[in-house]
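**Student:** this is a predicted model, with the sequence first.
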Amino acid sequence: MVVALITGASSGIGRELARELATRSYDLVLVARRGDALKALAGDLAGKYGVRTWPIEQDLSEPGGAAALAEKVRGLGLEIGVLVNNAGAGIYGPLNELEDGDIARIITLNYITPILLTKRLLPDLIKARGCVVNVVSLAAHIPIPWFGIYTSTKAALANFTDALRIELRPLGVRVIGVYPGYVRTSFHENTIASPTASRARGSPSTMVLDPAFVARAIAEKIADQRFNGDITPGLAYSIAGALARPLYPLVRRYLDGWFKRTRGSLISRR
Ligand SMILES: NC(=O)c1ccc[n+]([C@@H]2O[C@H](COP(=O)([O-])OP(=O)(O)OC[C@H]3O[C@@H](n4cnc5c(N)ncnc54)[C@H](OP(=O)(O)O)[C@@H]3O)[C@@H](O)[C@H]2O)c1
């Protein structure tokens, strides 16, 4: 059986993906900070689908997080055939209001950890002719003011994903980039928000995706051995994603006006 490791498996897209992969008979290493949630999910999936599961508690926003996780996987004697770099979080607010430590943790979690974890598990992935999945975001194409640390980690991850696909193709390892739009998960309430940004938070009422829908789209592409590319779940978002790169100068201009219009009264010179 192929062993899939999913980071950020305690909720949202990661938890739903664990369920989808369990229905397809993948054994699962489930990683996040909330050990209780992981253990409950691991027990549930093992009981329902007869797969083997290993819950691992690990903070991936710490500098040594990826290495520590790889050591724990090694200690269990597992070889990973599918790596899903899904754990991620947001940080929102005017730059001068954000804490240095929070900024560093978000960059580590969203960008550095996927790179280091992929590096550590690469021998397994090459041996298995396996697959890396990076959960990026449509926000990778949109330089959103006050959200620029998050969007730039995702832009960097997108670039790395494209480069890695070319690099690993000759070795038989597939690299899938996932570009979701707005998904109904705890991501939004967990986003670190500065005092000013907290007053400006809102959520869309349309084009909201279900995490189970996103997870199914990812699982189908993992299982499809011929697929080696990007996915943007949902028709409207896939059109938006296709247009975002060629229309980047227009997107930037639009955001300039939108920011002045909607955040102008909150901008402080301090
Ligand atoms: N929701 C959206 O609209 C949306 C859109 C585009 C892309 N995405 C991306 O989708 C991915 C999954 O997010 P989600 O929407 O499913 O949100 P979520 O429900 O908040 O899930 C995030 C997962 O990451 C884990 N995580 C957070 N901080 C961690 C840390 N320091 N160490 C280890 N694990 C950590 C969380 O587990 P613990 O709290 O237990 O550690 C949780 O399992 C993220 O990369 C996000 O950027 C989300």
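**Tutor:** Cool, got the structure. Numbers count the residues shown, from 1 in each chain.
**Student:** nearest residue to Ala32 other than its sequence neighbours?
**Tutor:** Distances taken as Cβ to Cβ, 6 or more residues apart in numbering put Ser10 closest to Ala32, at 3.7 Å, once the chain neighbours are dropped. Glycine gets a C-beta too; all of them are placed from N, C-alpha and C.
**Student:** what's the single longest helix in the protein?
**Tutor:** The helix spanning the most residues in the chain, taking DSSP state H as the definition, is helix 148-168.
**Student:** quick check: next helix or strand after that helix?
**Tutor:** strand 174-178 (DSSP states H and E).
**Student:** next, the angle helix 148-168 makes with that next one.
**Tutor:** Angle, strand 174-178 to helix 148-168, by axes from the mean of the first three to the mean of the last three Cα atoms, to 10 degrees: 160 degrees.
**Student:** returning to what we had before: let's see the pLDDT reported for the residue nearest to Ala32.
**Tutor:** Looking at Ser10, its pLDDT reads 98.
**Student:** for it, helix, strand, or coil?
**Tutor:** Ser10 carries the three-state label coil when classified by DSSP: H, G, I helix; E, B strand; the rest coil.
**Student:** give me the neighbour count for His141.
**Tutor:** As a burial measure, the neighbour count of His141 was computed by other Cβ atoms under 10 Å and equals 21.
**Student:** quick one: the strands in the chain?
**Tutor:** Listed in chain order, the strands of the chain (DSSP state E) span residues 3-7, 27-32, 53-57, 82-85, 91-92, 131-135, 174-178, 192-193, 230-231.
**Student:** need the ones you listed in JSON lines (columns: mean pLDDT).
**Tutor:** As requested, the strands of the chain are arranged in JSON lines below (pLDDT from 0 to 100):
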{"stretch": "strand 3-7", "mean pLDDT": "98"}
{"stretch": "strand 27-32", "mean pLDDT": "98"}
{"stretch": "strand 53-57", "mean pLDDT": "98"}
{"stretch": "strand 82-85", "mean pLDDT": "98"}
{"stretch": "strand 91-92", "mean pLDDT": "96"}
{"stretch": "strand 131-135", "mean pLDDT": "98"}
{"stretch": "strand 174-178", "mean pLDDT": "98"}
{"stretch": "strand 192-193", "mean pLDDT": "93"}
{"stretch": "strand 230-231", "mean pLDDT": "98"}
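**Student:** got TSV for these, with distance to Thr151 and mean neighbour count too?
**Tutor:** Written out in TSV, the entries for the strands of the chain read as follows (distance: least, Cβ to Cβ, whole Å; neighbours: other Cβ atoms under 10 Å):
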stretch	distance to Thr151	mean neighbour count
strand 3-7	20	26
strand 27-32	23	26
strand 53-57	29	20
strand 82-85	17	28
strand 91-92	10	22
strand 131-135	14	26
strand 174-178	15	23
strand 192-193	14	19
strand 230-231	17	18
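**Student:** of all these, which one is nearest the ligand?
**Tutor:** Go through those one by one with Cβ to the nearest ligand atom and the one that ends up closest to the ligand is strand 27-32, at 3.4 Å.
**Student:** before we move on, back to that, what helices or strands is the longest helix of the chain leaning on?
**Tutor:** Applying 3 or more Cβ pairs under 8 Å, 6 or more residues apart in numbering; DSSP states H and E, one finds that helix 148-168 makes contact with strand 91-92, helix 100-107, helix 113-127, strand 131-135, strand 174-178.
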